[in-house]
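Participant: kindly return the folded structure for what I paste below:
(chains A and B)
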Amino acid sequence: DAGITQSPRHKVTETGTPVTLRCHQTENHRYMYWYRQDPGHGLRLIHYSYGVKDTDKGEVSDGYSVSRSKTEDFLLTLESATSSQTSVYFCAISETLGGYNEQFFGPGTRLTVL
Amino acid sequence: AQTVTQSQPEMSVQEAETVTLSCTYDTSESDYYLFWYKQPPSRQMILVIRQEAYKQQNATENRFSVNFQKAAKSFSLKISDSQLGDAAMYFCAYDVANKLIFGTGTLLAVQP
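Facilitator: Residues are numbered from 1 along each chain as shown, chains lettered A, B, ... in the order given. So this is what the prediction gives:
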C-alpha cells in the first residue's frame, strides 16, 4: 500500500462546471501522475509532477490543469467540464525500487459529465 | 513515438489451463522497462510482473511468466494453472522517462 487516496471517488457534474480532483499521498514521493482510463484506450497520461510546483503535460492534457503546492497533494482541475471528460481518473506515484521506477496507483475517481 | 499494442481485446481460458496474452511495443531506446498490470473489477491497478530490457532472462513471478523478445519488440504474458481470481483486464505498459505508456488492454475471462 503506497498510501494513495483520491477524492472524491465518484462525481456527477454538468457540462461547463469546474471540477477539481484531489490525489493525496502519505510517503513523500517526488513523482505523481494523473491518468484517465477510457474503453478502448487503456490508461493515458494527462499531467505529471516531478516536485512541488514542477509539472508537465502528458499525452492528453488539453482541457486539464494541475497544481502541486505541497509534496503530498496533486490536484487535477477541469476548468469547464465537457462530456468527453467523462472517464475514470487514476492518480499514481513513482517509487524507486531496486534500480527501477515502479508506479503505484490510487483507487480511481469515476467522473460523469452530463 | 513509443507505442504499445495489445491485439487481443478479449481472451478466455479454462480454469487450471494456460493462457498467453500478447503485447508488442515500438521504441528506439535500448534500455527500458516493461510491465504487466492486472485490473480486476475493483478497478485497482496491480503490478503483475516487470522485465528489464537489458536482461535476456525472462521474468517469472509464481504462475506468471513473460516471453520477452527484444529484437521483435514482443512482451507476452503467460499465466499457468489459471484461477478464477485471474479474471481481469490486463494491461501491458512501457516505461519511458519515468512515465508509463499503456496498451489498450486484454479482458481475460476464466471459465470454471
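
Participant: middle-most residue in chain B, spatially?
Facilitator: Residue closest to the average C-alpha location in chain B (C-alpha atoms, centre = their mean): B:Trp36, at 3.6 Å.

Participant: is any part of the least confident helix or strand in chain A by mean pLDDT close to chain B?
Facilitator: Using mean pLDDT, DSSP states H and E, the weakest-scoring helix or strand in chain A turns out to be strand A:100-105, at a mean of 88. Yes - interface with chain B: strand A:100-105 contributes A:100-105 (C-beta under 8 Å from any C-beta of the partner chain). All C-beta atoms are positioned from the backbone trio N, CA, C, and that covers glycine.

Participant: one step back: wait, doesn't the residue nearest to the centre of chain B sit right on B:Ser65?
Facilitator: No - with contact taken as C-beta atoms under 8 Å, B:Trp36 and B:Ser65 are classed as non-touching, separated by 10.3 Å.

Participant: can you check which residues contact both of the two?
Facilitator: B:49, B:77 (C-beta atoms under 8 Å, 6 or more residues apart in numbering or on different chains).

Participant: related to what we said a few turns ago, ok, the residue nearest to the centre of chain B to chain A distance?
Facilitator: Going from B:Trp36 to chain A by C-beta to the nearest C-beta, to the nearest Å gives 12 Å.

Participant: what mean pLDDT would you report for the helix or strand containing that residue?
Facilitator: Assigning secondary structure by DSSP states H and E places B:Trp36 in strand B:33-39. For strand B:33-39, mean pLDDT rounds to 96.

Participant: so what strands line up beside the longest strand anywhere in chain B?
Facilitator: The residue-count maximum for a strand in chain B (DSSP state E) belongs to strand B:88-96. With DSSP bridges as the test, strand B:88-96 is paired with strand B:33-39 (antiparallel), strand B:99-102 (antiparallel), strand B:106-111 (antiparallel).

Participant: A:Lys57 is nearest to which of the ones you listed?
Facilitator: Among the strands paired with strand B:88-96, strand B:99-102 comes nearest to A:Lys57, with 10.8 Å by C-beta to C-beta.

Participant: per-residue confidence averaged over that closest one?
Facilitator: Per-residue scores along strand B:99-102 average to 93.
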